[in-house]
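here are the coordinates; sequence isn't available:
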Ligand SMILES: Nc1nc2c(ncn2[C@@H]2O[C@H](COP(=O)(O)OP(=O)(O)O)[C@@H](O)[C@H]2O)c(=O)[nH]1
Ligand SMILES: Nc1ncnc2c1ncn2[C@@H]1O[C@H](COP(=O)(O)OP(=O)(O)O)[C@@H](O)[C@H]1O
């Protein structure tokens, strides 16, 4: 399915310079699968419940314990393609054999209500957001090494060998794009990475 991230009409651009008196911010949070994005965000949201974490749609199968509408909206490929065709997604990409995308309306509503919205998305989606919302703050989380990334993916015990291999292959490409982002944080020591993340967001 073709997608052009370069030709986005003005009417589809999401802006934090909206009609609201005090619009919120959009924060894009990217990094290879297994680097610890979810772990860092859980910790961040526990101390900053005012942040709104966008819930993505995906065609990936739910993992044990994942709840529809909470971790993801789990949909089939046809439903996802209909969301794309209807222009309902702020960004979307295919990653390791599955589609992932950000429903646009909740993000717009939260931003217009003055809230900060966090998107936890992969590289291609982050590049699309750069086009549609260039004022977004874009943060890239790096692993201490690719060996450690592989160890974390295996220890997590959530993905098949094939899925881990696809994620590692993609990780090599993703880490090379880290410089495209406003801020890079190495998630070696979790507490230190969290401190750096808080500083990037709140300046303290
Ligand atoms: N472009 C895009 N990527 C997403 C979205 N939601 C999740 N992802 C990314 O898709 C990749 C795979 O996610 P997932 O299967 O949940 O694996 P995990 O992040 O390793 O736990 C990760 O890099 C996510 O950040 C989305 O809405 N859009
Ligand atoms: N700083 C860290 N040091 C060691 N292990 C970590 C660290 N951060 C996260 N992990 C572990 O790495 C695995 C992958 O983390 P996760 O948050 O699921 O990554 P992502 O959301 O980026 O795919 C989990 O088992 C998590 O407990």
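It's in. Source: prediction; values computed, not measured. Ligands and ions are numbered 1, 2, ... in the order given.

every contact and neighbour count from this point should use C-alpha atoms.
OK.

ramachandran angles for residue 118?
For residue 118, the backbone dihedrals (degrees, to the nearest 10) come out as phi -110, psi 130.

neighbours around it, how many?
Neighbour count for residue 118, taken as other C-alpha atoms under 10 Å: 21.

distance of it from residue 42?
12 Å (C-alpha to C-alpha, to the nearest Å).

cool, residue 159 as well?
Residue 159 is 20 Å from residue 42, by C-alpha to C-alpha.

same question, residue 119
In this structure, residue 119 and residue 42 are 13 Å apart, going by C-alpha to C-alpha.

likewise residue 82?
31 Å.

more neighbours: residue 119 and residue 42, which one.
residue 119 (21 against 13).

show me where the protein has its strands.
26-30, 52-53, 57-58, 73-74, 89-95, 98-103, 117-120, 137-142, 183-186 (DSSP state E).

tabulate those (a markdown table), appending distance to ligand 2.
Below are the strands of the chain laid out as a markdown table (distance: least, C-alpha to the nearest ligand atom, whole Å):
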| stretch | distance to ligand 2 |
| --- | --- |
| strand 26-30 | 8 |
| strand 52-53 | 13 |
| strand 57-58 | 15 |
| strand 73-74 | 16 |
| strand 89-95 | 12 |
| strand 98-103 | 14 |
| strand 117-120 | 8 |
| strand 137-142 | 8 |
| strand 183-186 | 9 |
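
tell me which of the ones you listed sits nearest to ligand 1.
Across these, ligand 1 has its closest neighbour in strand 98-103 (3.3 Å, C-alpha to the nearest ligand atom).

buried stuff in the closest one?
Neighbour-count burial for strand 98-103 flags 99-103 (criterion: 16 or more other C-alpha atoms under 10 Å).

so is that strand next to ligand 1?
Yes: for strand 98-103, a contact with ligand 1 is found by C-alpha under 6 Å from any ligand atom, at 100-102.
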